[in-house]
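Colleague: coords below, sequence missing:
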């Protein structure tokens, strides 16, 4: 039984290796023009990413602060002031 399982395991490994090699055969060439345009787009993409992350962080902090002020210690102080 162990020998049969071992043979099936080896067959599966060789099948997977053959499949992986067939995927690796796909060749895509990049022209110098494509490379240059990709490199030139990096600063604008980076700037857009950073600005969107800053906006997301500000929205999250605003939401978290609003939730926190509704909790126990701050509600206790607000009741004394009123």
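Modeller: Nice, I can see it. None of the values given here were measured: they were computed from a predicted structure.
Colleague: residue 22: neighbouring residues, count only.
Modeller: For residue 22, the neighbour count with other CB atoms under 10 Å is 9. For glycine as for every other residue, the C-beta is placed from the backbone atoms N, C-alpha and C.
Colleague: would you mark the buried spots in the host helix or strand of it?
Modeller: Using DSSP states H and E, residue 22 maps to helix 2-24. For helix 2-24, a neighbour-count test (16 or more other CB atoms under 10 Å) marks nothing as buried.
Colleague: how much space between residue 63 and residue 56?
Modeller: The gap separating residue 63 from residue 56 is 11 Å, by CB to CB, to the nearest Å.
Colleague: intersection of neighbour lists for those two?
Modeller: The overlap between the contact sets of residue 63 and residue 56 (CB atoms under 8 Å, 6 or more residues apart in numbering) is empty.
Colleague: and residue 82, what's its pLDDT?
Modeller: What the model reports for residue 82 is a pLDDT of 51.
Colleague: I meant residue 45, not that one.
Modeller: 94.
Colleague: could you report the neighbour count for it?
Modeller: Applying other CB under 10 Å, we find 10 residues neighbouring residue 45.
Colleague: secondary structure element holding it?
Modeller: If you go by DSSP H and E, residue 45 is part of helix 32-69.
Colleague: thanks again, I'm all set now.
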